[in-house]
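Q: with the input below, show me the fold.
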Amino acid sequence: MKLTNTSCSNAKPKDKTYKMADGGGMYLEITPSGGKLWRLKYRFGGKEKLLSLGKYPQTTLLKARSERERLKLILSQGLDPSESRKAEKREIALNAENTFEAVAREWHKNKKDTWSERHAVTNLHRMQTDIFPALGSRPINNITAPDVLAVLRKIEERGAHDIAKRAGQVIGQVFRYGIVTGRCTYNPAGELRGALKTSTKTHYASIKPDELPTLLIVLDKNDARLYRHTVLAIKLLSLTFVRTSELIEATWSEIDFKYKQWNIPAERMKMKRPHIVPLAPQAIAILEELKEMVGNSKWIFPSQIGHAKHMSNNTILKALERMGYKGRMTGHGFRALARTTIREKMRYAPDIIERQLAHKASGALGEAYDRTEFIEDRAKMMQEWADYLDGVPS
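A: Below you'll find the predicted structure:
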């Protein structure tokens, strides 16, 4: 007679273990201590074998019967249910080790030594914010192209088209790493070509050369009541037209006062190539004032909160906004401003200007990069640019 929930529930322990059969090789085993275990007896390869189907009542009669039928179906296909279950457990364990997040963090750990600290932090933040919540706990080998697209669409919905594109690139790199390390077999991100919205490329806001005098006057008057430290950062940025990150992360060890040069190491440059910035006396004077202000800090522009960190990336942008230049000027805008003005007003050759901007030349010339290329012309240009800035305010 087949078992019922009532008969299973009412079964009492005895002096010895006994069985209550349900048919098809399945029975409920009741131990002297009162434990109730589902068992399945079957034959494979001429041998009798036994499988556990779970404890009662955690595993109900209905669930036990369902598992019995599933295992008997495996048996009918000429497979051993016991070995099949072991394979399932191995796959579950493997998937637990090979979730997207586990593989992504391993990829990030292996790559971060080749990146700048900022790039490593940005990549990890992007994954933690936009990718892991949706894909992190999923076995990497079970993630499909539609799964990835859903993640990127969610980013697009908030208007962050560029971030969606970069997130897709990061996901693709994680899958490529997963493939070469044997954790997955294909890259679903590679199937999304053309599926994402394209955004119109915008340039960093920058004022026109004829607006420069007013900006410098506003900076000198400092009605915005900026910290002197911040005013000097903007002045040095205008004199050197480096990238904002290159300025705020600068350390005193990079400054050569004797030869009047700022030597930025390759790991801090966008193109991963060392760069020299010739320093005019005006720039040296700013650095000397800063040296007195910051004391023993290794940073030229330490944070106002504490000298253990450098100035925030938004400090200069927010300062320009307080000066009345919101949406009109950015720290990066000084690069475009210098390039245009030096070309139009001072008539310097584009190659000299571009090399000082640390832009990579096209073709073989770009591969044969020399940080000292045009160094004498660049030093002369930087001096003329500093003198030009001195003569602009009226």
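Q: tell me which residue is most central in this protein.
A: Taking Cα atoms, centre = their mean, the centroid of the chain lies closest to residue 123, which sits 1.0 Å from it.
Q: helix or strand for that residue, which one?
A: helix 117-126 (DSSP states H and E).
Q: how far does that helix sit from the chain's center?
A: In terms of Cα atoms, centre = their mean, to the nearest Å, the centre of helix 117-126 is set 4 Å apart from its chain centre.
Q: let me see the backbone angles for residue 18.
A: phi -140, psi 170 (degrees, to the nearest 10).
Q: quick one: contacts for it?
A: Counting by Cβ atoms under 8 Å, 6 or more residues apart in numbering, residue 18 makes contact with 29, 30. Backbone N, C-alpha and C define where each C-beta goes, glycine included.
Q: try 6 Å
A: Under the criterion of Cβ atoms under 6 Å, 6 or more residues apart in numbering, the neighbours of residue 18 are residue 30.
Q: do the same with the one 3 residues further on
A: Residues near residue 21 by Cβ under 6 Å, 6+ apart: residue 27.
Q: for it, give the beta-bridge partners.
A: residue 27 (DSSP bridges).
Q: give me the longest helix you can find in this protein.
A: The longest helix of the chain (DSSP state H) is helix 161-180.
Q: now find how far off-centre that one is within its chain.
A: Per Cα atoms, centre = their mean, the displacement of helix 161-180 from the mean C-alpha position of its chain is 10 Å.
Q: residues of stretch 49-67 that come out buried?
A: Neighbour-count burial for stretch 49-67, counted by 16 or more other Cβ atoms under 10 Å, picks out 49, 51, 53, 56, 59, 61, 64, 65, 67.
Q: alpha carbons only: can I get that stretch in PDB?
A: C-alpha atoms of stretch 49-67 as PDB (Å, rounded to 0.1, in the frame of the first residue of the first chain):
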ATOM      1  CA  LYS A  49      22.500   0.400  -4.900                       C
ATOM      2  CA  LEU A  50      20.900   2.800  -2.400                       C
ATOM      3  CA  LEU A  51      20.300   6.600  -2.600                       C
ATOM      4  CA  SER A  52      19.100   9.000   0.000                       C
ATOM      5  CA  LEU A  53      16.200  11.300  -1.100                       C
ATOM      6  CA  GLY A  54      16.200  13.500   2.000                       C
ATOM      7  CA  LYS A  55      14.700  13.700   5.500                       C
ATOM      8  CA  TYR A  56      11.000  13.700   6.300                       C
ATOM      9  CA  PRO A  57       9.200  16.000   6.900                       C
ATOM     10  CA  GLN A  58      11.700  18.600   5.300                       C
ATOM     11  CA  THR A  59      11.400  16.500   2.200                       C
ATOM     12  CA  THR A  60       7.700  15.800   1.800                       C
ATOM     13  CA  LEU A  61       6.200  12.700   0.400                       C
ATOM     14  CA  LEU A  62       5.400  14.500  -2.900                       C
ATOM     15  CA  LYS A  63       8.900  15.800  -3.300                       C
ATOM     16  CA  ALA A  64      10.400  12.400  -2.600                       C
ATOM     17  CA  ARG A  65       8.200  10.800  -5.200                       C
ATOM     18  CA  SER A  66       9.100  13.500  -7.700                       C
ATOM     19  CA  GLU A  67      12.800  12.900  -7.100                       C
END
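Q: related to what we said a few turns ago, buried ones in the longest helix of the chain, by neighbour count?
A: Here helix 161-180 shows 161, 163-168, 170-175, 177-178 as buried, counting by 16+ other Cβ under 10 Å.
Q: need the contact partners of it.
A: For helix 161-180, the external contacting residues (Cβ under 6 Å, 6+ apart) are 103-104, 107, 126, 130, 140, 148, 152, 155-156, 184, 187, 189, 196-197, 199.
Q: ok, which stretches of the stretch 151-300 of the chain are helices?
A: In the stretch 151-300 of the chain, the segments counted as helices under DSSP state H, counting those that start in this stretch are 161-180, 212-221, 228-240, 244-248, 281-294.
Q: one step back: tilt between the helix holding residue 123 and helix 161-180?
A: Put simply, helix 117-126 runs at 90 degrees to helix 161-180, going by axes from the mean of the first three to the mean of the last three Cα atoms, to 10 degrees.
Q: list of residues touching helix 117-126?
A: Against helix 117-126 from outside (Cβ under 6 Å, 6+ apart): 108, 112, 167.
Q: fine by me, thanks again.
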